[in-house]
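1. Sequence and predicted structure, then a few things I'm wondering about:
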Amino acid sequence: MCAGAVATPRTQMDVGQAVAAWEKIAQSFSETRNRPWDQVVDFLETLPEDATLVDVACGNGRHGVIARKMGMRVIGVDASLELADIARERLAEAGDKDASQADAVGGSAMNLPLARNSVDHGLFIAALHNIPGREGRVQALRELRRVLRPRGMALVSVWARWQDRFADHYVKELLRHVPRKLRYGDEAPEFGDILIPWQGDEMRFYHLMSLRETILTCKQAGLFIRDAWSEKLASQWLPDNHFVVVEKPQNVDGA
Ligand SMILES: C[S@@+](CC[C@H](N)C(=O)[O-])C[C@H]1O[C@@H](n2cnc3c(N)ncnc32)[C@H](O)[C@@H]1O
């Protein structure tokens, strides 16, 4: 595989392989992620200041820090232990010094280390697309639903499939997908799976989605869709990110 160019995984990847890349790039990745997204700040501003917020796949905590400064209680979870460590330190420095009000821990989005109905609201920013396999992504969203209290809201964002950077790749994939499916059957990667190099080297797994697929995946996890839209954050022509505001229905037991 050529480092520096995007590629398609030869077969489906497992979650462990996908997570390993994040652990390797944790420090350099964190150094490039300081500015919070306006869309996330706007969402946080709609929440009560005393809310408890889970930041699923929190990375270095850049968004949790903003919530903490607003007065919220924040719990970050990330599969990379190093990124969780960085987030914990940053959260401890934000807001008041009451350590019980903020924490970040290593853990899987597919098995959150939190009790059901234990948080008011959530973030799941730029990470659902890093989970290989539709079942895994639905499982991660079911976990979000489980830990949210009834009527709790969360902002979910993913990278768009048909964005300027990757449109060429996916046009070629349209031609390659069926032959690959015939050859590898259930082992074939999903349409949308892509490996994207970090600083020309370590390959990160992404499953890039349409807005429709993003909405359907949230619905399959039992979440209501309150809003959904696409935006150009860095691209010129086609939206590069999809955003969905989801709500946990009133009448579920969180299981
Ligand atoms: C692009 S970063 C986004 C980080 C953060 N949400 C932000 O907006 O800055 C993706 C994050 O997802 C985490 N991640 C990837 N797979 C995960 C999984 N299965 N469970 C939990 N975190 C995961 C990575 O370690 C990484 O921190």
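-> Looks like it arrived, so ask away. Numbers count the residues shown, from 1 in each chain.

2. So which residues on the stretch 1-150 of the chain come close to the ligand?
-> Where proximity means CB under 6 Å from any ligand atom, the interface of the stretch 1-150 of the chain facing the ligand comprises 15, 18-19, 22, 33, 57-59, 62-63, 78-80, 83, 108-110, 125-127, 130-131. C-beta: built from backbone N, CA, C; applies to glycine.

3. got the contact list for the one residue in the stretch 1-150 of the chain that gets nearest to the ligand?
-> Per CB to the nearest ligand atom, Gly59 is where the stretch 1-150 of the chain lies closest to the ligand, at 2.6 Å. The contact partners of Gly59, taken as CB atoms under 8 Å, 6 or more residues apart in numbering, are 29-30, 33, 78, 83, 87, 126-127.

4. These in strands, which ones?
-> Secondary structure assignment (DSSP state E) places Asp78 from the contacts of Gly59 within strands.

5. okay, the residue of the stretch 1-150 of the chain closest to the ligand: pLDDT?
-> As summarised for this prediction, Gly59 has a pLDDT of 98.

6. what's the helix or strand for it?
-> Counting by DSSP states H and E, Gly59 is held by no secondary-structure element, helix or strand.

7. Could you do Val41 as well?
-> Val41 is part of helix 38-45 when elements are defined by DSSP H and E.

8. which residues are in contact with that helix?
-> Residues outside helix 38-45 that contact it (CB under 8 Å, 6+ apart) are 53, 63, 66-67, 70, 72, 123, 125, 155, 157, 231, 241, 243, 245.

9. if you look at the residues you listed, which of them are in helices?
-> Judged by DSSP state H, the subset of those located in helices is 63, 66-67, 70.

10. Unless I misread the structure, Asn117 falls within a helix.
-> No. Using DSSP: H, G, I helix; E, B strand; the rest coil, the secondary structure at Asn117 is coil, not a helix.

11. just to revisit the earlier point, mind checking which of the contacts of Gly59 are buried?
-> Buried residues within the contacts of Gly59, defined by neighbour count using 16 or more other CB atoms under 10 Å: 29-30, 78, 83, 87, 126-127.

12. Closest to Lys219 out of the contacts of helix 38-45?
-> Comparing the contacts of helix 38-45 against Lys219 with CB to CB places Val245 closest, at 13.1 Å.

13. Isn't that closest one up against Asp227?
-> Yes. In this structure, Val245 sits in contact with Asp227. The criterion is CB atoms under 8 Å, and the distance is 4.2 Å.

14. and Arg62, what is it in contact with?
-> Listed by CB under 8 Å, 6+ apart, the contact set of Arg62 reads 33-36, 90.

15. Swap in 7 Å and give it another go.
-> By CB atoms under 7 Å, 6 or more residues apart in numbering, the contact set of Arg62 is 33-34, 36.

16. And for Leu155?
-> Residues near Leu155 by CB under 7 Å, 6+ apart: 40, 43, 123, 125, 243, 245.

17. Which residue, neighbours along the chain excluded, lies closest to it?
-> Spatial nearest neighbour of Leu155, excluding adjacent residues (CB to CB, 6 or more residues apart in numbering): Phe43 at 4.3 Å.
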